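> A predicted structure for the sequence below; I have some questions about it.
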Amino acid sequence: MNDEPSLAEAPRLDAPETRYVNRELSWLSFNRRVLAEAENEAYPLLERLRFLSISASNLDEFTMIRIAGLEGQASRGIETTGIDGRDPRQQLTAIRAEVLALVARQQSVLDDLRHLLAIENLWIATTEDLDKVQLAWLQTYFENDILPIITPQAIDPSHPFPFVANMGTGVIFRLKRGKRKADLVEMVLIPSGAPRFVRVPGDKAIYISIEQLIVRFASLLFPGFKILGDGLFRVLRDSDIEVEEEAEDLVRFFRTAIQRRRRGRAVLLELDDECDEAAEALLREQLEVDAAMIVKTPGMLGLADLAAICAEPRPDLKFEPFSPRYPERILAHDGDCFSAIREKDLVIHHPYESFEVVVDYLRQAASDPAVVSIKQTLYRAGDQSPVIAALIEAAENGKAVTAVVELKARFDEERNIHWANELERAGVQVIYGFTEWKTHAKVSLVVRREEEGYRTYCHFGTGNYHPVNARIYTDFSYFTADAALGRDAAKLFNFVTGYIEPSELEKLSLSPLDLREKLFALIDREIANAQAGKPAAVWTKLNSITHKGLIDKLYEASAAGVEIDMVVRGICSLRAGVPGLSENIRVKSIIGRFLEHGRLWCFANGKPMPGKQTEVFITSADAMSRNLDHRVEVLVPVTNRTVHDQLLDQVMLANILDTERSWRLRPDGEYERMRVGPGGFNCHEYFMANPSLSGRGSALSEHEVPRLTLKGKHA
């Protein structure tokens, strides 16, 4: 009997569900890979706890933005389908099943880590675990430090249901007093400024959550009452902000919108599974949460807060400290950034090389009498920003300083408004960019008066000007004094500040103008080379790929025989290795100590890869519709031979070769770990040991690691 499927049984390669992976389900798959790092027995325990908290934080944001958006579409009757053909309600049904499974797995991981940490004298404890002395200390702490900041609120006809802010947590009690027949319901909201965990004094590190203390010592809060039941709850609300095109003042609009976000529609209600039934019914009714978006758990709520425990000073339970190396090329010029850049372009690979060089570049520009102007994009700058300080100093020193501050950077809107005000006070010309597009490009332009005339220095980055993120995100900083790139960067700023659309760019490609078309043209050239029998290949490193047109173009390239290797950390709506569709496409995801964030495109250009003929680009854009069609992004060609070889022969190759931190995408859309152990290769460890891309580092080819052929197999 023939076991081969009949033609009628074969999957249709033109069907959306066969060609593409749903964006939201792919994101949940990514977060499962993050959670798997919390299960990685090779990691120190507090690092595993940190990965658990990151997984929980990721899921919170996903709920507040993606789930909220789909629920809004479903409630308004919008039937727009995702890339895989599912409408909002179908997506929500699939998402709910995945979210429940993910939450259950998170709780299981926490149980395991609690046990392992206790062996190391670090307890994430319950009040039942403590002795009388410890409980007595906690009671005193509760009376002195917690009682003054919490407020019990009765809920009855004369006391309306209180507002619970986004990410708000509270305890709801059902009480009885004296001979009163009716039960009384009281709510205690936990102030956002209160510490989530209290450390009990002693040699052992014992942490107790604040909600446990409220339940344990409720009799001190409600003297004379009998406590009949209680329950812990947590609320997540719709947190997306849609910019109104008619908004006349973006700053005023966002100040109002931030307040509205705190009061957005409730999209998820988390409950502990022992929550009092009457209390649960009240919460369901008052918060108007659909029953489908209620999650009950037997464990702890709000696992993202576990990050606070990771600060415990236990170096034996953490990764060995790593200090980024300062670029040797800059040191060779006695710290003079402009002298080093003028001599030759250079690339910095964060976090292996220090972000301080970016800060020093701006500080030097601020104090250098020869510098006449600075133009800078700011998407996320952090709380204590040395970049902002340098721009303020420059303005105070009489430089012409322009800052493009993106108010629409999600969850950084309030901080960016603050920085914009600080910059304006110092005399910086602050621009907020386009109403309908986010300015996501990372560009800094410095004009300096020199003997030969004015010279423009540029920094192009793949990451934000954020010093904290730069210690944990892998990104590229490309410094150049290339005159054509300088002219193009100036046109980019004119486009953002004055709507002057550049009619002709010499080297840069910009979205939403021509970046997408440039990528399509480069892939088309590889297709033509493959059809002509020439070597044809694409290597790329991205955070996400969801753009249908670009995915289809890569499928077309695969069918033509172009070999495609993709390192996609997060969302991947492309299906890899599907016979007849994408058999020449390989996709992997790297998850590890550092968050992969740098973006690279490499094209064979008719020669075997890697090679001198290969065209290399860095970019601020992921392969998503929002980046290619609705944001200001930049694609930068790297033509300097040294930088070209460093990015291709070191960074891109190491990412392709990695097995220790890599997950391979299977044709069915699921991921599997690659080889770990003897014979494996860890790109994070490699770059920590060989961090320098600044001209004095060793190339990957000089180390004993597997070489890669054009077809992506180890030789």
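Looks like it arrived, so ask away.

> quick one, strands of the stretch 201-350 of the chain?
Per DSSP state E, counting those that start in this stretch, the stretch 201-350 of the chain carries strands over the ranges 205-209, 226-237, 266-272, 294-297, 346-350.

> any chance of those strands in a markdown table, plus distance to residue 380, mean neighbour count and mean pLDDT?
C-beta: built from backbone N, CA, C; applies to glycine. Shown next, in a markdown table, are those (distance: least, C-beta to C-beta, whole Å; neighbours: other C-beta atoms under 10 Å; pLDDT from 0 to 100):
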| stretch | distance to residue 380 | mean neighbour count | mean pLDDT |
| --- | --- | --- | --- |
| strand 205-209 | 30 | 21 | 96 |
| strand 226-237 | 22 | 20 | 91 |
| strand 266-272 | 24 | 22 | 90 |
| strand 294-297 | 30 | 17 | 88 |
| strand 346-350 | 14 | 26 | 95 |
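
> Nearest to residue 629, out of those?
Ranking these by proximity to residue 629 (C-beta to C-beta) places strand 266-272 first, at 26.6 Å.

> ok, back up a step: make CSV from the strands of the stretch 201-350 of the chain and add distance to residue 365 to it.
Listed next are the strands of the stretch 201-350 of the chain as CSV, based on distance: least, C-beta to C-beta, whole Å:
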stretch, distance to residue 365
strand 205-209, 45
strand 226-237, 42
strand 266-272, 45
strand 294-297, 50
strand 346-350, 16
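
> For residue 117, find the nearest of those.
Comparing the strands of the stretch 201-350 of the chain by C-beta to C-beta, strand 205-209 comes nearest, at 8.6 Å.

> For that closest one, output the C-alpha coordinates as CSV.
What follows is the C-alpha trace of strand 205-209 in CSV, where atoms were taken according to Å, rounded to 0.1, in the frame of the first residue of the first chain:
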residue,chain,number,x,y,z
ALA,A,205,18.0,35.7,53.0
ILE,A,206,14.3,35.4,53.6
TYR,A,207,11.8,37.3,51.4
ILE,A,208,8.1,37.6,52.2
SER,A,209,5.6,39.2,49.8
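
> Now do it against strand 226-237, angle only.
If you take axes from the mean of the first three to the mean of the last three C-alpha atoms, to 10 degrees, strand 205-209 sits at 90 degrees to strand 226-237.

> Going forward, count from 837.
Done: numbering now begins at 837, and the last item shifts to strand 1041-1045.

> Partner strands of strand 1041-1045 and their direction?
strand 958-960 (parallel), strand 1033-1036 (antiparallel) (DSSP bridges).

> tell me how far that strand is from the chain's mean position?
Here strand 1041-1045 shows a centroid-to-chain-centroid distance of 29 Å under the convention C-alpha atoms, centre = their mean, to the nearest Å.

> Ok, stretch 1431-1444 next?
With C-alpha atoms, centre = their mean as the basis, stretch 1431-1444 stands 21 Å off its chain's centre.

> ditto for stretch 1299-1309
Between the centre of stretch 1299-1309 and the centre of its chain there are 11 Å (C-alpha atoms, centre = their mean).

> Check which residues of it are buried.
By neighbour count, and taking 16 or more other C-beta atoms under 10 Å as the criterion, the buried residues in stretch 1299-1309 are 1299, 1300, 1301, 1302, 1303, 1305, 1306, 1309.

> biggest separation within those residues, which pair?
Pairwise distances among the buried residues of stretch 1299-1309 were taken by C-beta to C-beta; the largest, 11.9 Å, belongs to 1301 and 1309.

> ok so, going back, for residue 1168, find the nearest of the strands paired with strand 1041-1045.
Residue 1168 lies closest, by C-beta to C-beta, to one member of those: strand 958-960, at 44.9 Å.

> For residue 914, which non-adjacent residue is closest in space?
Beyond its immediate neighbours in the sequence, the residue positioned closest to residue 914 (C-beta to C-beta, 6 or more residues apart in numbering) is residue 924, lying 6.5 Å away.

> Oh, that last question was meant for residue 858, not what I typed.
Using C-beta to C-beta, 6+ apart, the closest residue to residue 858 is residue 920 (4.5 Å).

> Please verify my assumption that the one you found contacts residue 851.
No - taking C-beta atoms under 8 Å as the definition, residue 920 is not a contact partner of residue 851, at 9.1 Å.

> Can you dump the C-alpha atoms of stretch 1021-1036 in CSV for me?
Output of stretch 1021-1036 as CSV, limited to C-alpha atoms (Å, rounded to 0.1, in the frame of the first residue of the first chain):
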residue,chain,number,x,y,z
VAL,A,1021,-16.5,43.4,51.8
GLU,A,1022,-13.3,45.4,52.2
MET,A,1023,-10.5,46.0,49.7
VAL,A,1024,-6.9,46.8,50.4
LEU,A,1025,-5.0,48.1,47.4
ILE,A,1026,-1.2,47.7,47.6
PRO,A,1027,0.4,51.1,46.9
SER,A,1028,2.6,51.0,43.8
GLY,A,1029,5.5,52.6,45.8
ALA,A,1030,5.5,49.9,48.4
PRO,A,1031,8.2,47.2,48.3
ARG,A,1032,6.8,44.0,46.8
PHE,A,1033,9.1,41.8,49.0
VAL,A,1034,10.3,42.3,52.6
ARG,A,1035,13.6,40.9,53.6
VAL,A,1036,13.6,39.4,57.1
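
> Pull the distance from stretch 1223-1235 to the chain's centre.
The gap between where stretch 1223-1235 is centred and where its chain is centred comes out at 29 Å by C-alpha atoms, centre = their mean.

> In that stretch, which residues are buried?
Of the residues in stretch 1223-1235, those buried under the neighbour-count criterion (16+ other C-beta under 10 Å) are 1223, 1224, 1225, 1226, 1227, 1228, 1229, 1230, 1231, 1235.

> do stretch 895-906 as well
The neighbour-count criterion (16+ other C-beta under 10 Å) identifies 895, 896, 898, 899, 900, 901, 902, 903, 904, 905, 906 as the buried residues of stretch 895-906.

> Can you read off the pLDDT for the last one?
Okay, so that is residue 906. Looking at residue 906, its pLDDT stands at 88.

> In contact with it, which residues?
Neighbour list for residue 906: 860, 924, 927, 928, 931 [criterion: C-beta atoms under 8 Å, 6 or more residues apart in numbering].

> Ignoring the adjacent residues along the chain, who's closest to the last one?
Just to be clear, that refers to residue 931. What sits nearest to residue 931 in space, not counting adjacent residues and going by C-beta to C-beta, 6+ apart, is residue 860, at 5.5 Å.

> List of residues touching the helix or strand harbouring that neighbour?
Assignment of secondary structure by DSSP states H and E places residue 860 within helix 859-874. Counting by C-beta under 8 Å, 6+ apart, the neighbours of helix 859-874 from elsewhere in the structure are 879, 884-885, 887-888, 890-891, 894-895, 898, 902, 906, 918-919, 927, 930-931, 934-935, 938, 941-942, 945, 949, 1382, 1405-1409, 1425, 1427-1428, 1499, 1505-1507, 1509.
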